[in-house]
Structures are given as structure tokens and as C-alpha cells.
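Asker: my questions are about this predicted structure, shown below with the sequence.
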Amino acid sequence: MKSGDYKYIWQAGDWPNWRYDLTAVAGPMAEVSRAQGLLLGRLADVGMALRGQASLAALTEDVVKTSEIEGERLNVDSVRSSIARRLGVDIGALAPVDRHVEGVVDMVLDATDNCRAPLSPERLFGWHAALFPTGYSGLSKIRIGGWRDDAGGPMQVVSGPIGRQRVHFEAPPADRLAAETRRFFDWVNGATKEPPLIKAGLGHLWFVTLHPFDDGNGRIARAIGDLLLARADGSPQRFYSLSAQIQRERKAYYDILERTQKGTLDVTAWLAWFLDALHRAVDQAQLTLDAVLSKARFWQRWATMPLNERQVKLLNRLLDGFEGKLTTSKWAAIARCSPDTALRDINDLLARGVLRKSGAGGRSTSYELDDLPA
């Protein structure tokens, strides 16, 4: 069957016999492996505590961004607290965590911590239930603990206002899912000829093409990709986030996905994009590691300085990448104290050289960390 005889790749007569030009992706694969080696080499020299902090940063970003891709914003402090508790990483006072945050964290950590465990329908049903603890997606009740049944019509990926929606993709009918997912699990769990990084890219694409759930397919596809990447790395500990990179390149991700799902079973272009994005994710992890090391040096520098709990909390927020400008009113809101107390905290840190003023004076006065030690 030629590509012009069908609309979506799952309709091809030889589906799912993936094809790709290994010579075209060999270079990108080697570059990814080299970048991973450089990152792991740096991590080997920093000690267990800082490796834990680097892993915490990567996993926090992974959980936050995999949800953000779907338009859902999680509280970063809650995510960090949930992961830190499970990793045993000390981050001081822990933020409250709701069951929805816990569910996404459960899925991401199970995918990576237990990457060697077989993938099964029951395991994915658990992930799905963790993502939707109330059984609802927004205001819509969805099927939990089972594949979609298409009772409301075929599963389609659409965009645009109602009445003028554009269909980007239509998934295989529900009556094919039992056989399709069985074949997928056999491939994921079995020994196959694909290089491990290629298998991660194919696994992500294959699952998101099946789209077997009413909702959450993208997040679960990325978790499966993370599981296969952890197997490829030979380690469950994560130091980079592909989901965060996909969020940074969200439009390009959806564009290449749509072109691939409407193309032939030659998925060389998808794999090239996947490997390039993975390379950029590993490079970004180098910057995350720089931030972790900078934070460690900061606290070493000020280790003997007495600080109250509010000051420690806000300094850590600045070190973790505070969004926007830190003002007295924001300090008071985050620390849950009066504006006068916030100003006393800030003035104390200004006097000691920990903070400095930035921007204009008056109501526009904001504060930033003084130069961090190199």
C-alpha cells in the first residue's frame, strides 16, 4: 500500500514495521552519547549529595513540563517537595502536596526507578489512574483502568474553536486496541534489533499513535520514552529532561509528530528530530548542573551566617530561579509575614552583602542575589 492510499500510518498494510535510515541517524546518536558521557563525567566528580540535587532538579522539571505541554500548570514547590521526599534529598521545609501532583510524580518516578520492570496494561492503568485521581479530566468523566471505548466517536487530536476545529490525527479504532497494545508491549519488553536510543524514540511515537486512553496519552507516551531512555542509560537516576526540551520546542514537536503520523512508515525524520531534541536536553542539563554547583558554593560561602527560616526559604527560591522580580510585597506573600518583617529580612541581607538592589527605587525597588562565587 502506498502512502497516498491511506491517511494515517496505522492504516498502512505493513503497520507497524518501522523503517529508518540507520546511517542518517548514526551521527546524531553518537553526538547524544558523547553529550551524555560529558555530563556523567562531571557528575561523577561532584559527590552523592550534589548528584541528588541535580537529579531532583531534572525530575522536577520533567514532572512540571510534561504537564505544561498539555496546558496544565503544576505548583513547582509542591512537585519539588514530593520528589525530594521520595529521593531523600534535604531541601529544608517541604511545601504541601496535593494528590494530583503526587499522581504525576508517581508515574514519572515509577517509569524511571523501575525502568527494568516489564511494561504491562495493568502498570499503565495504574499510571493513568494516578494522573486522573478523581476519574475526571476537567469536567468530563473519563474511562480509568481500561482502554478507551470510542463511545463518543473516534479518538481525534483536534485544535481550534468548536465548529472550525482542525483534525490533526485520528487514532486506531478502539476494537483494535487489545491486539495493538499487546504487540506494543511484546516489543517494549522483548529483545529487539533497534539501538536503545532509537527504541526510545520509536516507543514514544508508537504509543502516542495508538492513543489508547481517553486522555493523558501524551504524558504517558513521554513517561514510556523516559523508561526506555533510562534502560538505554543503564541507570534509573535522571539528570536531564526530554519533556522540558519538548515543552521548549512544543510547536516543532507537534509539527513533526503530525507529519510523521500522516506519512510513511519510514520514520527517519522523526528519529532525527527526537535525537536532536535529546541532545539539546542533555546540553541543558549541563546548565542545570552549573546552577546546582553555584547553589552549593553559595551556601558554603554563607554557612556560618545565622539566618531565619524566611530568609533561607527566599534565598533558595532565588537560587532555584525566581520568576520575575523579588519585591518586598512578594517576599511578604511568599514568607507569609508582614511587609515590615519582610523589609527587615531584606535589609539585614543587604547589610551583609547577600542581596543587592536592582532596578529603580521607590515602589519599583526589587532585589537580587549579590554576585555568586565563581
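Answerer: Happy to help now that I have it. Just so it is clear, the structure is predicted and the values come from calculations on it, not from any experiment.

Asker: rest of the way, CA atoms for contacts and neighbours
Answerer: OK.

Asker: neighbours of residue 166, just the number please.
Answerer: Look at residue 166: counted by other C-alpha atoms under 10 Å, it has 13 neighbours.

Asker: if I look at it, how far off is residue 212?
Answerer: Plainly put, residue 166 is 21 Å away from residue 212 if you go by C-alpha to C-alpha, to the nearest Å.

Asker: what about the most centrally placed residue in the chain, which helix or strand?
Answerer: Closest residue to the average C-alpha location of the chain: residue 62 at 2.3 Å, with C-alpha atoms, centre = their mean. Take DSSP states H and E as the rule and residue 62 turns out to sit in helix 48-68.

Asker: chain center to that helix: distance?
Answerer: Put simply, helix 48-68 sits 9 Å off its chain's centre (C-alpha atoms, centre = their mean, to the nearest Å).

Asker: how about the helix or strand that that helix is followed by: buried residues?
Answerer: Later in the chain than helix 48-68, the nearest helix or strand by DSSP H and E is helix 76-87. By 16 or more other C-alpha atoms under 10 Å, the buried positions in helix 76-87 come out as 76, 78-84.

Asker: just the angle between the helix holding residue 62 and helix 76-87, please?
Answerer: With axes from the mean of the first three to the mean of the last three C-alpha atoms, to 10 degrees applied, the angle from helix 48-68 to helix 76-87 works out at 130 degrees.

Asker: got a list of contacts for helix 48-68?
Answerer: Residues from elsewhere that reach helix 48-68 (C-alpha atoms under 8 Å, 6 or more residues apart in numbering): 43, 73-76, 79-80, 83-84, 87, 89, 104-105, 108, 219, 222, 237-244, 247, 285, 288-289, 292-293, 296.

Asker: without its sequence neighbours, what residue ends up closest to residue 145?
Answerer: Leaving aside its sequence neighbours, residue 145 sits nearest to residue 125 (C-alpha to C-alpha, 6 or more residues apart in numbering; 4.6 Å).

Asker: related to what we said a few turns ago, inside helices: which ones of the contacts of helix 48-68?
Answerer: Using DSSP state H, the subset of the contacts of helix 48-68 located in helices is 43, 76, 79-80, 83-84, 87, 104-105, 108, 219, 222, 242-244, 247, 285, 288-289, 292-293, 296.

Asker: which other residues reach the host helix or strand of residue 231?
Answerer: Using DSSP H and E, the element containing residue 231 is helix 217-233. Residues outside helix 217-233 that contact it (C-alpha under 8 Å, 6+ apart) are 66-67, 70, 107-108, 111-112, 114-116, 124, 127-128, 196-197, 199-201, 203-205, 207-208, 211, 236-238, 242-243.

Asker: repeat that for stretch 330-346.
Answerer: The contact list for stretch 330-346 (C-alpha under 8 Å, 6+ apart) reads 310-311, 313-314, 328-329, 355.

Asker: let's see it at 10 Å
Answerer: Contacts of stretch 330-346 with the rest of the structure, by C-alpha atoms under 10 Å, 6 or more residues apart in numbering, involve 307-311, 313-314, 317, 327-329, 347-350, 352, 354-357, 366-367.

Asker: also stretch 164-180?
Answerer: Residues outside stretch 164-180 that contact it (C-alpha under 10 Å, 6+ apart) are 7-11, 16, 121, 147-151, 153-160, 183, 207-213, 254-255, 257-259, 261-262.

Asker: out of those residues, which are inside strands?
Answerer: If you go by DSSP state E, those have 156-159 in strands.

Asker: for this structure, name the helix or strand with the lowest mean pLDDT.
Answerer: Least confident helix or strand, the chain: strand 156-159 with a mean of 87, by mean pLDDT, DSSP states H and E.

Asker: what lines up beside that one in the sheet?
Answerer: Strand 156-159 sits in its sheet next to strand 166-170 (antiparallel), going by DSSP bridges.

Asker: show me what counts as buried in the partner strand.
Answerer: Residues of strand 166-170 classed as buried under the neighbour-count rule (16+ other C-alpha under 10 Å) are 168-170.

Asker: and of those, the nearest to residue 140?
Answerer: Comparing the buried residues of strand 166-170 against residue 140 with C-alpha to C-alpha places residue 170 closest, at 20.0 Å.
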